[in-house]
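J.: Make a model of this:
(one chain, ligands or ions: 1)
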Amino acid sequence: MDTKEGRPDKEEKPELTAGIGDGALDPRTFDVAAVRALYPALADGHAYLDGAAGTQVPSAVIEAIAGAYREGIGNLDGAFAASRRSDAIVAEARAAVADLVGGTAEGVVFGPSATALAYRASDALSRAWTAGDDIVVSRLDHDSNVRPWIQAAARAGVTVKWAEVDLVTGELPTAQYADLIGPRTRVVAVTAASNAIGTRPDVAAVAELGHAAGALVYVDGVHATPHLPVDVAALGADFYTTSAYKWSGPHVAALAASPALLETVWPDKLAPSSNAVPWRFERGTLPFADLAGVTAAVEHLASLAPAAASGVSGAGASPVTRRDRVLASMKAVETYEAGLFARLLGGLAELERVTLYGKAARRAPTAFFSVAGVAPRAVAEHLAAQGVNVWDGDNYAYELCTALGLEPDGAVRTGLVHYNDASDVDRLLNGLADLAR
Ligand SMILES: Cc1ncc(COP(=O)(O)O)c(C=O)c1O
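T.: Next comes the predicted model:
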């Protein structure tokens, strides 16, 4: 059990399913070789296992961004064609993100990062908080879904309650939320997936408890979105953030909410800027060319498993929508990545000196581990010298790393994404072998 000063045990070796984990999915469903060919950066021969910190982008995204500039764009709402093109780019990007997460285009707010959007949201929402209210945050979350809320709470004189992680399993137990959430809870902030140990909490159950008490539920979907089909309604997310640079797009983030909810919130804004939703939440001029890239990235995700879309339930005789294609593609991505992740976990479990953190039942394909006696940065440097890109540090999973006793150096993170293949995983495992066996 818990033998390492509060740290989880080394993960047990998972059983490998025949044909899974070697990239051998039916190519009509997901063809990783074809997908990899879409990414120019992968041609440098490195094993890009750093996707959890940001993905490479396919040619279609690069072309969409360059194409917007090439064609000519202007600021919004002008009388001339280049301005109209920017109007269209913004509308298309809102629709694309809505298709990606199951939201409403008019409820999609763009911003420079999920962190900036969390600060905007917490700043605006906290104006309605009064002493005696409380908020609930979790120690599983990236700090961007923690610090903005507790700083806003401090300003408003509001109590902060903490949902704790089971350090042995890496789970965020749902049951504790029944005690944490009460009639004065204003916001429950929780992640859809940990960017460190991959845990996918039962957000829908947490949201149900939050809503029963009248709280708003703010879900950090930054790490989850690239790995699975997302449905904000099914999650019960009043707010859902996602960053396009984690799913093959540019460095732009989005906050998805219902337009009706956004209508009830007033952020600080300039006097002449639009008072309308979602515009009033967007400060200054949007990055139009990058937004063209956001739409291209969603289209890319929707096209990953084209054959699967025709089998989407309910599609029947009606035309297959982009939302249908997103759901089918992301289901195929989830299955493909799960196979690859099993291969990775199986390999890590065989390395004597590796301690793996977290073994949650539902996980994004992200492994966080230490090598006994070797600093995380030294492990990353050792792998980098072999052309294998991984992250070291706390990856801003600051509360979790503090609880695990891993601050300040953190651990090593390997984040699989859909363009990784079995050879990437094997190169990592081989690269670790001399350090960790
Ligand atoms: C789970 C999670 N939330 C939030 C963030 C912050 O996103 P951004 O860089 O868009 O602020 C990250 C970035 O790594 C993340 O992984």
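J.: Next, the buried residues of stretch 39-59.
T.: If you call a residue buried by 16 or more other Cβ atoms under 10 Å, then stretch 39-59 has these buried ones: 39, 42, 46-58. Yep, even glycine has a C-beta here, placed from its N, CA and C like the rest.
J.: What of stretch 233-246?
T.: 235-246.
J.: Closest to the ligand out of those residues?
T.: Distance to the ligand, by Cβ to the nearest ligand atom, is smallest for Ser243 among those, at 3.6 Å.
J.: For that closest one, which non-adjacent residue is closest in space?
T.: Ala253 (4.3 Å; Cβ to Cβ, 6 or more residues apart in numbering).
J.: pretty sure that neighbour contacts Ala114?
T.: Yes - between Ala253 and Ala114 there is a contact at 4.5 Å, judged by Cβ atoms under 8 Å.
J.: which residues are common contacts for the two?
T.: 222, 241-243 (Cβ atoms under 8 Å, 6 or more residues apart in numbering).
J.: How about the secondary structure of Asp434?
T.: helix (DSSP: H, G, I helix; E, B strand; the rest coil).
J.: Tell me the residues on this protein that lie near the ligand, please.
T.: 53, 113-115, 142, 144, 191, 195, 220, 222-223, 243, 253 (Cβ under 6 Å from any ligand atom).
J.: Tell me the one of the buried residues of stretch 233-246 nearest Val35?
T.: Lys246 (16.3 Å; Cβ to Cβ).
J.: Return the per-residue confidence for the closest one.
T.: With respect to pLDDT, Lys246 has a value of 98.
J.: Quick check, it in contact with Val222.
T.: Yes - at 5.9 Å, Lys246 counts as touching Val222 under the criterion of Cβ under 8 Å.
J.: follow-up on the earlier one: and the two most separated of the shared contacts of Ala253 and Ala114?
T.: Thr241 and Ser243, at 7.3 Å, using Cβ to Cβ across those.
J.: Now for the two: what residues contact both?
T.: Applying Cβ under 8 Å, 6+ apart, one finds that Thr241 and Ser243 are jointly contacted by 114, 222, 253-254.
J.: Mind checking which of those are in strands?
T.: Applying DSSP state E to the shared contacts of Thr241 and Ser243, the entries found in strands are 253-254.
J.: Which of the shared contacts of Thr241 and Ser243 are buried? Put it as a ChimeraX command.
T.: Buried members of those, defined by 16+ other Cβ under 10 Å, are picked up in ChimeraX with:
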select :114,222,253,254
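J.: Check the shared contacts of Thr241 and Ser243 and tell me the two furthest apart.
T.: Val222 and Ala254 (10.2 Å).
J.: Looking at per-residue confidence, what score does the closest residue to the ligand within the stretch 301-437 of the chain get?
T.: The ligand sits closest to Tyr396 of the stretch 301-437 of the chain, with a gap of 6.1 Å, by Cβ to the nearest ligand atom. Looking at Tyr396, its pLDDT is 98.
J.: Would you mind giving the shared contacts of Ala253 and Ala114 as a markdown table with pLDDT and secondary structure added?
T.: Below are the shared contacts of Ala253 and Ala114 laid out as a markdown table (pLDDT from 0 to 100; DSSP: H, G, I helix; E, B strand; the rest coil):
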| residue | pLDDT | secondary structure |
| --- | --- | --- |
| Val222 | 98 | coil |
| Thr241 | 98 | strand |
| Thr242 | 98 | strand |
| Ser243 | 98 | strand |
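J.: Break down the chain into its strands, ranges please.
T.: 47-48, 108-111, 134-138, 159-163, 185-191, 216-220, 239-243, 253-257, 354-356, 366-371, 388-389, 391-393, 411-415.
J.: helices or strands next to the second one in the packing?
T.: Read it as strand 108-111. Applying 3 or more Cβ pairs under 8 Å, 6 or more residues apart in numbering; DSSP states H and E, one finds that strand 108-111 contacts helix 81-101, helix 114-125, strand 253-257.
J.: swap in the fifth one?
T.: Packed against strand 185-191 by the contact rule (3+ Cβ pairs under 8 Å, 6+ apart) you find helix 114-125, strand 134-138, helix 203-212, strand 216-220.
J.: ok, 6 Å please
T.: strand 134-138, strand 216-220 (3 or more Cβ pairs under 6 Å, 6 or more residues apart in numbering; DSSP states H and E).
J.: again with the last one
T.: Counting by 3+ Cβ pairs under 6 Å, 6+ apart, the packing neighbours recorded for strand 411-415 are strand 366-371, helix 376-384.
J.: ok now the shortest one, how far from the chain's centre?
T.: I take that to be strand 366-371. 18 Å (Cα atoms, centre = their mean, to the nearest Å).
J.: And the lowest mean pLDDT element among the helices and strands of the chain?
T.: Sorted by mean pLDDT, DSSP states H and E, the helices and strands of the chain end with helix 306-309, the least confident at a mean of 64.
J.: List the residues that contact the residue in the stretch 251-400 of the chain that the ligand sits nearest to.
T.: Residue nearest to the ligand within the stretch 251-400 of the chain: Ala253 (4.5 Å; Cβ to the nearest ligand atom). The contact partners of Ala253, by Cβ atoms under 6 Å, 6 or more residues apart in numbering, come to 111, 113-114, 117, 243.
J.: Look up how far Asp77 lies from Glu208.
T.: With the distance defined as Cβ to Cβ, to the nearest Å, Glu208 ends up 41 Å from Asp77.
J.: higher neighbour count, these two?
T.: Glu208 (14 against 10; other Cβ atoms under 10 Å).
J.: Find the nearest non-adjacent residue to that one, please.
T.: Gly236 (6.1 Å).
J.: how about the one you found, what does it touch?
T.: Per Cβ under 6 Å, 6+ apart, neighbours of Gly236: 204, 207, 217.
J.: Include pLDDT and neighbour count when you put these into TSV, please.
T.: Below are the contacts of Gly236 laid out as TSV (pLDDT from 0 to 100; neighbours: other Cβ atoms under 10 Å):
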residue	pLDDT	neighbour count
Ala204	98	16
Ala207	98	22
Val217	98	23
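J.: if we take those residues, which one ends up nearest to Leu228?
T.: Closest to Leu228, out of all of these and judged by Cβ to Cβ, is Ala204, at 13.4 Å.
J.: roughly how far out does stretch 199-218 sit from the chain middle?
T.: 18 Å.
J.: which parts of it are buried?
T.: 199-204, 206-207, 209-210, 213, 215-218.
J.: What is the end-to-end distance of that stretch?
T.: By Cα to Cα, to the nearest Å, the extent of stretch 199-218 from end to end equals 17 Å.
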